[in-house]
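[1] fold the following.
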Amino acid sequence: QVQLQESGPGLVKPSQTLSLTCTVSGADITNSDFFWTWIRQSPGKGLEWMGSIIYSGKTDYNPSLKTRTSISRVTAKNQVTLQLISATPEDTAVYYCAGFDPAGRYWGRGTQVTVSS
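    Numbering: from 1, shown residues only. Okay, here's the model as predicted:
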């Protein structure tokens, strides 16, 4: 059973870096069947894909966020990480990590991050 758990600070000050971790269990993040994604949902808006990372470490980003977003992994801990620099109040959202393989899709419960001074 694949499970994902997001973690990180719930409050970030403007201009700081928003950093989140997704801990994966039940699957190896280096398994070539999977890719891993960060998605967010701001208040009153739909889901927004932020970026993805595949088994090799190759990444792909939403063009609108590319200059501020970095997704990486800690293979020893089976974790996928997200960093969003220069946070603004518009980055306030529920952040989800998700994993996809041919068998299906797997979502974390999400974590609320508020950007405010």
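
[2] could you say which helix or strand holds the residue positioned nearest the centre of the chain?
    With distances taken as Cα atoms, centre = their mean, the residue of the chain nearest its centroid is W38 (3.0 Å). Element membership for W38 (DSSP states H and E) is strand 35-41.

[3] next: D33.
    Going by DSSP H and E, D33 is not in any helix or strand.

[4] burial check on it, number of neighbours?
    Residues contacting D33 under the criterion other Cβ atoms under 10 Å number 12. From N, CA and C alone the C-beta is placed, and that goes for glycine too.

[5] could you check how far it is from E90?
    Plainly put, D33 is 35 Å away from E90 if you go by Cβ to Cβ, to the nearest Å.

[6] next secondary structure after the least confident helix or strand in the chain by mean pLDDT?
    For the chain, counting by mean pLDDT, DSSP states H and E, strand 104-107 ranks last in confidence among helices and strands (a mean of 94). Later in the chain than strand 104-107, the nearest helix or strand by DSSP H and E is strand 111-115.

[7] in stretch 29-42, what's buried?
    I29, F34, F35, W36, T37, W38, I39, R40 (16 or more other Cβ atoms under 10 Å).

[8] dump those residues to JSON lines, plus distance to L18 and pLDDT.
    Formatted as JSON lines, the buried residues of stretch 29-42 follow (distance: Cβ to Cβ, whole Å; pLDDT from 0 to 100):
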{"residue": "I29", "distance to L18": "21", "pLDDT": "95"}
{"residue": "F34", "distance to L18": "24", "pLDDT": "94"}
{"residue": "F35", "distance to L18": "22", "pLDDT": "94"}
{"residue": "W36", "distance to L18": "18", "pLDDT": "97"}
{"residue": "T37", "distance to L18": "16", "pLDDT": "98"}
{"residue": "W38", "distance to L18": "11", "pLDDT": "98"}
{"residue": "I39", "distance to L18": "14", "pLDDT": "98"}
{"residue": "R40", "distance to L18": "10", "pLDDT": "98"}
